[in-house]
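Peer 1: Fold the stuff below for me.
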Amino acid sequence: MSVAARLPRRKKAAPDPADLLAWYDRHRRVMPWRALKGQRTPPYRVWLSEIMLQQTTVKTVGPYFEKFLAKWPTVEALAAASLDDVLRAWAGLGYYARARNLHACARAVVERHGGVFPDSIEGLLALPGIGDYTAAAVGSIAFDAPAVPVDGNVERVVTRLYAVEEALPAAKPKIKELATSLLPAQRSGDFAQALMDLGATICSPKRPACALCPWNDVCVAQATGRQEEFPHKAQKREGKLRKGAAFVALRADGKVLLRQRPEKGLLGSMTEVPGSDWSNDFDVGDALDAAPLKAKWRKLPGIVTHVFTHFPLELTVFAAQVPKGAAAPKGARWVALATAHEEALPNVMRKVLAHALNKKT
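Peer 2: Below is the predicted model:
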């Protein structure tokens, strides 16, 4: 055995980005939106995937990404689509403001930049619906700009590496600063994706596989056995419960009454079952005042529950059978039940319809 081989491994003083990139080259995840090794992902694909991935899992996003790309293969094609079509394709992904911003951003790229995404962080930030994270992701991955997109996975890696005691969200600026300090001189895009992959596959929230981590010898949390304590998070205040009513009118020819929500506000421009306002002091005894048309409404047993980012919701569902010739009230329309799944119905409205059809006698 050589002298060098007998010497103990020298402990590094700080995380070396080269170690992470070497790990990434061996273990990078294969995903529909990610270019092959040595290639750069086009900005349209990076942007589309990153908008979809916000607050949504990779597994869920995959089929939606493929569907969008098949339907609108370029930013010009997406910009030319109607918002209704985009919302229909988005239905089920949740957080629908993302879909509206996606459409607005596509139009801005075409109208302001001739269909070419800006290659600077500043230029990307000027586009609708693009914040610090998305600008850093598109800039680094598509253009190799020196930026680090900090998502939940990256926050977990960095807070453990440095044992950041400050709780989120107050710790975000510090985490961003620490992550940026790790940037290599080259391969910013690969480094960004490597950080994401490390957090998603090795530095997991529970029982992280520290023995497999390329930075395990410089991780402060791992050295002290406190990996699962990070990141610290401030206790969330749960929003106050809101309640309301939903009215499922079924026409004798197999159609259901639907309408479009206002453009602004929660679930803007999405399709919904007519209903009351949602409020903290909703009184079910007054629910029929919000009925969309005159009919023999029947209150269905049970309630539909849904949790939005800022508040939980409970809906009492009323159902009625109406004659074939019944006209739709202003702002509403009759839609065939057989094709209702193609509408831009948010998950809460899909729950309402499922509840009504399940309770139908």
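Peer 1: For the stretch 101-250 of the chain, which segments are assigned as helices?
Peer 2: Here the stretch 101-250 of the chain has its helices, by DSSP state H, counting those that start in this stretch, at 121-125, 132-143, 152-162, 172-181, 188-201, 220-223.
Peer 1: gap between the two ends of stretch 249-263?
Peer 2: Stretch 249-263 has an end-to-end distance of 23 Å (criterion: Cα to Cα, to the nearest Å).
Peer 1: How far off centre is it?
Peer 2: 28 Å (Cα atoms, centre = their mean, to the nearest Å).
Peer 1: which of the residues in it are buried?
Peer 2: 249-251, 255-261 (16 or more other Cβ atoms under 10 Å). (Glycine included, C-beta is placed from N, CA and C.)
Peer 1: residue ranges for the strands of the stretch 201-350 of the chain, please.
Peer 2: With DSSP state E, counting those that start in this stretch, the ranges of strands along the stretch 201-350 of the chain come out as 242-251, 255-260, 271-272, 298-299, 304-307, 312-322, 332-336.
Peer 1: looking only at pLDDT, what's the mean for the fourth one?
Peer 2: It refers to strand 298-299. For strand 298-299, the mean pLDDT works out to 94.
Peer 1: So what are the sheet partners of that strand and their directions?
Peer 2: In the sheet, strand 298-299 lines up against strand 312-322 (antiparallel) (DSSP bridges).
Peer 1: what's the answer for the second one, then?
Peer 2: Listed by DSSP bridges, the sheet partners of strand 255-260 and their directions read strand 242-251 (antiparallel), strand 271-272 (antiparallel), strand 332-336 (antiparallel).
Peer 1: Single out the most deeply packed of those strands.
Peer 2: When you average the neighbours per residue for each of these (mean count of other Cβ atoms under 10 Å), strand 242-251 leads with a mean of 22.
Peer 1: separation between Phe65 and Val110?
Peer 2: Using Cβ to Cβ, to the nearest Å, we find Phe65 at a distance of 20 Å from Val110.
Peer 1: thinking again about what came up before, so which of the strands paired with strand 255-260 is nearest Asn101?
Peer 2: The closest of these to Asn101 is strand 271-272. By Cβ to Cβ, the value is 18.5 Å.
Peer 1: Pull the distance from the closest one to the chain's centre.
Peer 2: The answer for strand 271-272 is 20 Å, by Cα atoms, centre = their mean.
Peer 1: Residues in contact with it: which ones?
Peer 2: Residues outside strand 271-272 that contact it (Cβ atoms under 8 Å, 6 or more residues apart in numbering) are 87, 258-261, 343-346, 349.
Peer 1: Check stretch 58-69 too.
Peer 2: Applying Cβ under 8 Å, 6+ apart, the set of residues contacting stretch 58-69 is 31-33, 45, 48-49, 52-53, 78, 89-90, 92-93, 200.
Peer 1: contacting residues around the closest residue to Val352 other than its chain neighbours?
Peer 2: Sequence neighbours aside, Ala246 is the residue nearest to Val352 in space, at 4.6 Å (criterion: Cβ to Cβ, 6 or more residues apart in numbering). When contacts are counted by Cβ under 8 Å, 6+ apart, Ala246 touches 273-276, 304, 315-318, 349, 352.
Peer 1: residues in contact with Pro323?
Peer 2: Here Pro323 is in contact with 251-252 (Cβ under 8 Å, 6+ apart).
Peer 1: State the distance from it to Lys255.
Peer 2: Distance from Pro323 to Lys255, by Cβ to Cβ: 11 Å.
Peer 1: Please apply the same query to Thr159.
Peer 2: In terms of Cβ to Cβ, Thr159 sits 53 Å off from Lys255.
Peer 1: Same check on Val148?
Peer 2: For Val148, the distance to Lys255 - Cβ to Cβ - is 51 Å.
Peer 1: taking the contacts of stretch 58-69 one by one, which sit in helices?
Peer 2: Of the contacts of stretch 58-69, the ones assigned to helices by DSSP state H are 45, 48-49, 52-53, 78, 89-90, 200.
Peer 1: re the thing from before, give me the pLDDT value at the residue nearest to Val352.
Peer 2: Ala246 is assigned 96 on the pLDDT scale.
Peer 1: Following the chain onward from the worst-scoring helix or strand of the chain on mean pLDDT, which element is next?
Peer 2: Within the chain, no helix or strand scores below helix 3-6, which has a mean of 43 by mean pLDDT, DSSP states H and E. Sequence order places helix 17-27 as the next helix or strand after helix 3-6, per DSSP states H and E.
Peer 1: Show me the contact partners of that next one.
Peer 2: 37, 182-184, 187, 190-191, 193-195, 197-198, 201, 214-215.
Peer 1: quick one: low-confidence ranges for the stretch 1-150 of the chain?
Peer 2: Residue ranges of the stretch 1-150 of the chain with pLDDT under 70: 1-12.
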